[in-house]
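In: what follows is a predicted protein model with its sequence.
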2 protein chains.
Amino acid sequence: MKLNGLSKNEHIYLQIADHIEQQILGQVLKIGDKLPSVRILSKEHGVSVSTILQSYYHLESKGFIESRPQSGYYVRYNPSRFPGKVQKSNPQLTVKHKDVETMIGEVYDDFSMKGHLRFSLSVPSPELLPLARLNKSMLHALRNLPGNGTSYEQVQGNEMLRRQIARSTLNWGGQVSAEDLVTTSGCMNAISFCLMAVAKPGDMIAVESPVYFGVLRFAQSIGLKLLELPTDPDTGVDPSDLKKALEQHPIKACFFVTNFSNPLGYCMPDEKKQEMVRLLAHYGVPLIEDDLYGDIYFGKKRPLSCKSFDEEGLVLWCSSISKSLAPGYRVGWVAPGKFMEQIKRQKLYHGITSATAQQAAIGDFLATGRYEHHLRKLRQTLYSNSLHYKRAIGEYFPEGVKSSDPKGGFIIWVELDRKIDTYQLYQEAMLHKISIAPGAMFSLQDRYQNCMRLSYGMPWTPEVDKALKKLGGLVKEMM
Amino acid sequence: MKLNGLSKNEHIYLQIADHIEQQILGQVLKIGDKLPSVRILSKEHGVSVSTILQSYYHLESKGFIESRPQSGYYVRYNPSRFPGKVQKSNPQLTVKHKDVETMIGEVYDDFSMKGHLRFSLSVPSPELLPLARLNKSMLHALRNLPGNGTSYEQVQGNEMLRRQIARSTLNWGGQVSAEDLVTTSGCMNAISFCLMAVAKPGDMIAVESPVYFGVLRFAQSIGLKLLELPTDPDTGVDPSDLKKALEQHPIKACFFVTNFSNPLGYCMPDEKKQEMVRLLAHYGVPLIEDDLYGDIYFGKKRPLSCKSFDEEGLVLWCSSISKSLAPGYRVGWVAPGKFMEQIKRQKLYHGITSATAQQAAIGDFLATGRYEHHLRKLRQTLYSNSLHYKRAIGEYFPEGVKSSDPKGGFIIWVELDRKIDTYQLYQEAMLHKISIAPGAMFSLQDRYQNCMRLSYGMPWTPEVDKALKKLGGLVKEMM
């Protein structure tokens, strides 16, 4: 085995593991193949036995290999047993309104249910979060804030937090300065301000399909019309499809989750983002970009945002730390381009400002430089989880099941046989204390009834495996 | 001096002070009158000399009396030198829209200005808040919350907080249970949810006049029409005026700050509240009741709320701890009556839920029973401040100045000569690092240009006195 193209500062055990992983993914090593013994591999690489063991443990934790007592390590991963891939969506290019409110209300009520396995909730579970460090930052903030955090923060938001966000985006070409940012109570809050700032009741908004139900419901509640666009599960909305829509409909603004979309999981290629921004600039149509999963990439580097290509100030870039650090802190933000004044007013009018202490705490946490360290671990865990889920879905669900192929984030989209109604599945599963997000929540067009969104934002445990098996069993019974 | 009708558990020094205060207010003791010597009074009441001294210190701190070296204590308070009283407002009973957005934006930008004396800001300053105790509750919350406050709180809000709010309202006949409440990010956030839940763009809302500019601006931003009603500076909107308006206009909902209104300071008498609720029930029109100053009463007991009389579930009772404990915590709530489902959805759609830790911290703080203790001190201080302000305004401002007569809260409404434009005064004052809230912010009808709102929510100091003198001087120059 040769190790090429790997940077020197990566741990050697990770380099070796990565190399083996590639061979498994490329089916050079196939399921059931025995791996070289630890001793042989250590000789071959000129590294210690314990380094090789570390590589194997790592691959085992990701679900690629398994150890068999008195025998050694074997490949247990088989991409061909994975579920098939979800196809590009094909919504009707007309505006329809179906009331899925009750369903969404029901699923969200599960928030408070103790003891449920909540595949429905797209948040990382506390076990994956750097709680001790966050507490430290929170205490630091409370100690140092004027009035210990009892005073109002300025409307635009904590300055240090904005500086830190700006700094971190510059690392990957995000092109945002502290002055460009307004903090909000989480990303959905940022999106709601954006939608209210750029559109009036009766206006039409173009979105991906399936689309995050929070946006769908919010938009509907303020009287916006939603045009759902065909969406590729790998690359998102195609600029050519959007162009057609722009020519045929009075689109007031677009909303896309450009990186590791919720729920479809696609990551829009950077060239496509650039093309999209150019197209929208031509039509003078603003884009509300939801980039809250962007930091949780499984590849080598963070994908860019549409904001990175925005020259006209037409991209309103929204994000938060709810998916990577602390959902309950309610810290999000938006870089609203030329809509800065409108956004600041929205924030002022809706609730004056957002909670003071958490803004300062996250500012402090980012300033310590621990965020990148935490993210590295989190990405590793979530990537590994995604493989576990794909394996489990392929294994436990009836043949023909399809899924998205997430390259980041912690959401997987599952497509079942057309006969299956996932709202019914949701209700059945709830009896077993398992909650899922039924596909019908993600459209107003009577679509995706045979789909569901599952979150893998919790540690992989035998219980999770069992719950997925149970889900698969319920689907089989329903067929 | 006889002390009647005072409960035994009040401190004896306060009883004596209160008695003297009443005599001063009733002009039995007039400005310049010498008070009995400490020795004589101590004999008369059969209490120690130090108790009488305590009474005198107390009255001195409130600005009622002053000590003259080697001579004793003298009355320094003269209600006849107070500003005259503001008259009932008389807005046009038609819907008008004037753009005061820029002015509001400007005044709110002062939030972040350091070193300014901000009469414009209706929040209590940190010196008046129980910071150490709050910190303790915050630490307790962070320690005990699942995930140390990183997890989402349920949409309806922290249960313990809701129980504690319910408990405290029951003390004064508030009639609200934990299940009736939804927590929000402060009171304005509650009001914005209520307005979005009960009205659609184009609908008409009846409000008091002058009206809190936050509500005015929010309502305008979502396309509501505002009907401003005549408002008495002592008792608020009269049910007979409202009845007339209900007969002539398609009013969709009402918004009133029923206790110690912002900005006019009136407290609607409880009988009038009952009448109002009955009237609105007859017309089936919901009332959004903003009761966030209710706990800061200067009288003997807390006034009731309209909610106390609500049998139909038509009153949406909004409040927060922003005016009494911690503005920056962003903890508010609403008891929305029969609009419960709509409010929960508004909260879910706009930002999923509000910050976790502060809800638990305030729940803990209320549970310790320290809130009532803190409020007693705060009311004392603010009442005393209100007297200082009235004295200073009467003394420093040109003759003919009028003001509201606040019986609670920490806002005073000042009416100047018709020639004075308070927006111009605002700009002049800003040069001296003093900010005020110009009256024109509180109406859409080109009104109240000669009025301003001042906050006395900060400790009374020589600097504050000096700033009021400066303001008065600026007004004199402008005449």
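Out: On my side now, so go ahead.
In: quick check, central residue of chain A?
Out: A:Gly409 (3.2 Å; Cα atoms, centre = their mean).
In: so that one touches A:Pro263, yeah?
Out: No: A:Gly409 is beyond contact range of A:Pro263, at 9.7 Å (criterion: Cβ atoms under 8 Å). Placement of C-beta: from N, CA and C, glycine included.
In: so what does the biggest helix by length in chain A touch, helix or strand wise?
Out: Secondary structure of chain A per DSSP state H: the longest helix is helix A:370-396. Other helices and strands packing on helix A:370-396, by 3 or more Cβ pairs under 8 Å, 6 or more residues apart in numbering or on different chains; DSSP states H and E, are strand A:411-415, helix A:462-478.
In: near chain B, which residues of the stretch 301-450 of chain A are found?
Out: A:325-330, A:341, A:344-346, A:348-358 (Cβ under 8 Å from any Cβ of the partner chain).
In: at 7 Å instead, please
Out: A:326-330, A:345, A:348-352, A:354-356, A:358 (Cβ under 7 Å from any Cβ of the partner chain).
In: can I get the helix or strand of chain A with the lowest mean pLDDT in PDB? Just the C-alpha atoms.
Out: Lowest on mean pLDDT, DSSP states H and E among the helices and strands of chain A sits helix A:101-109, with a mean of 76. Presented in PDB, the C-alpha positions along helix A:101-109 are these (Å, rounded to 0.1, in the frame of the first residue of the first chain):
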ATOM      1  CA  GLU A 101     -49.900  22.000   9.600                       C
ATOM      2  CA  THR A 102     -51.400  19.400  11.800                       C
ATOM      3  CA  MET A 103     -48.800  16.900  10.900                       C
ATOM      4  CA  ILE A 104     -46.000  19.400  11.600                       C
ATOM      5  CA  GLY A 105     -47.500  20.400  14.900                       C
ATOM      6  CA  GLU A 106     -47.800  16.800  15.900                       C
ATOM      7  CA  VAL A 107     -44.200  16.000  15.000                       C
ATOM      8  CA  TYR A 108     -42.900  19.100  16.800                       C
ATOM      9  CA  ASP A 109     -44.800  18.200  20.000                       C
END
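In: for that helix, which helices and strands make contact with it?
Out: helix A:213-221 (3 or more Cβ pairs under 7 Å, 6 or more residues apart in numbering or on different chains; DSSP states H and E).
In: which residues touch A:Ser403?
Out: Listed by Cβ atoms under 7 Å, 6 or more residues apart in numbering or on different chains, the contact partners of A:Ser403 are A:83, A:86, A:390, A:393, A:412-414.
In: returning to that earlier point: ok, the residues of the stretch 301-450 of chain A next to chain B vs B:Val75, which is closest?
Out: B:Val75 lies nearest to A:Ile352 out of these, by Cβ to Cβ, at 41.6 Å.
In: what about the residue nearest to the closest one when sequence neighbours are not counted, distance to B:Val123?
Out: Ranked by Cβ to Cβ, 6 or more residues apart in numbering or on different chains and with sequence neighbours excluded, the top spatial neighbour of A:Ile352 is B:Met188, at 5.4 Å. Between B:Met188 and B:Val123 the distance, using Cβ to Cβ, to the nearest Å, works out to 12 Å.
In: name the nearest residue to A:Ser125, sequence neighbours excluded.
Out: Using Cβ to Cβ, 6+ apart, the closest residue to A:Ser125 is A:Met458 (4.0 Å).
In: number of nearby residues for that neighbour?
Out: 22 (other Cβ atoms under 10 Å in any protein chain shown).
In: and the pLDDT at it?
Out: Note for A:Met458: predicted pLDDT of 94.
In: just A:Lys88 next, same as before
Out: For A:Lys88, the predicted pLDDT is 82.
In: give me the below-cutoff pLDDT ranges for chain A.
Out: Residue ranges of chain A with pLDDT under 70: A:1-10, A:79-81, A:93-99, A:109-113.
In: returning to that earlier point: what sits against the residue nearest to A:Ile352?
Out: Neighbours of B:Met188 in contact, by Cβ under 7 Å, 6+ apart: A:351-352, B:214.
In: would you map the strands across the stretch 151-300 of chain A?
Out: Along the stretch 151-300 of chain A, counting by DSSP state E, counting those that start in this stretch, strands occupy A:182-184, A:204-208, A:225-229, A:231-232, A:236-237, A:251-256, A:287-290.
In: which of the ones you listed sits closest to chain B?
Out: strand A:182-184 (7.5 Å; Cβ to the nearest Cβ).
In: you'd agree A:Asn259 is up against A:Leu304?
Out: No: assessed by Cβ atoms under 7 Å, A:Asn259 is found out of contact with A:Leu304, at 8.6 Å.
In: mind checking which of those two has more residues around it?
Out: Legend: neighbour count by other Cβ under 10 Å for A:Asn259 and A:Leu304, higher for A:Asn259 (29 against 22).
In: now do the more buried one against chain B, distance only.
Out: The gap separating A:Asn259 from chain B is 20 Å, by Cβ to the nearest Cβ, to the nearest Å.
In: for A:Leu444, same thing?
Out: Taking Cβ to the nearest Cβ, one finds A:Leu444 at 14 Å from chain B.
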